[in-house]
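Colleague: What follows is a predicted protein model with its sequence.
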Amino acid sequence: MLNATVSGSFRRHMDAITLAIHELAALNVRVLSPADPRIVAYQGEFLFVASDPIRSVRLVQDRHLESIKVANFLWLVCPDGYVGQSASMEIGFAAAVGVPIFAAQLPTDLTLRQYVKLAPSLSAAVNMARISPNRRRPEGILIDPCASIEQAHVVLERIAVLLTGTNNFGDPAETVHRDVANLNAVLALPTCM
């Protein structure tokens, strides 16, 4: 299954963003951010959506950037060519980490246009992303805390038993190294929020 992140001006294009998210889901593409685009709060010009569990501009933006980093592609919504400052930063971030950026309409800004590939539709963008060369998955902090914390506790308790010597069944090194690898895997799980 492909993963995508959607960027655009929430103030000007939220209806088109919501439509794109639903269309991506229908195309069997998992939208990492924003997963649920219903506006639930705001701080100044910044809009929080239902999939933003924390009302911190910085943490929400950091999570969105992490979503871009691990996505197969970024879908840019700019039906009139307008790209706001936040979406401009997201385009630059996607370009820097090698994530392909697709849009049905190119940005009016000449520089941003150089980084966005025109796709006649979302289904065409999905097909283009499927045939794009596989990128190495970057490490990131995009986790599902509810599931990951429980699993991490189990692994850490097992490591604690091995390191405190309360288990005398041979050399614990192999088990500890395997559990540390498992812990890294648990913390690298994509989020479900």
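Modeller: Thanks, I have it.
Colleague: Going by residue numbers, what spans are helices in this structure?
Modeller: 10-26, 57-70, 85-97, 110-113, 122-131, 145-163, 173-187 (DSSP state H).
Colleague: And these: which comes nearest residue 33?
Modeller: helix 57-70 (3.7 Å; Cβ to Cβ). Backbone N, C-alpha and C define where each C-beta goes, glycine included.
Colleague: quick check: angle from the closest one to helix 85-97?
Modeller: Here the directions of helix 57-70 and helix 85-97 differ by 40 degrees (axes from the mean of the first three to the mean of the last three Cα atoms, to 10 degrees).
Colleague: which strands and helices sit next to helix 57-70?
Modeller: Based on contacts counted as 3 or more Cβ pairs under 8 Å, 6 or more residues apart in numbering; DSSP states H and E, the elements that helix 57-70 packs against are strand 2-8, strand 29-33, strand 46-49, helix 85-97.
Colleague: got the buried residues for the shortest one?
Modeller: Along strand 46-49, the positions that meet the burial threshold by neighbour count (16 or more other Cβ atoms under 10 Å) are 46-49.
Colleague: same question, the last one
Modeller: The neighbour-count criterion (16+ other Cβ under 10 Å) identifies 86-87, 90-91, 93-95, 97 as the buried residues of helix 85-97.
Colleague: Just to check, residue 42 is in contact with residue 48?
Modeller: Yes: using Cβ atoms under 8 Å, residue 42 is in contact with residue 48, at 6.4 Å.
Colleague: re the thing from before, the helices and strands packed on helix 57-70: lowest mean pLDDT?
Modeller: Across the helices and strands packed on helix 57-70, strand 46-49 has the smallest mean pLDDT, namely a mean of 84.
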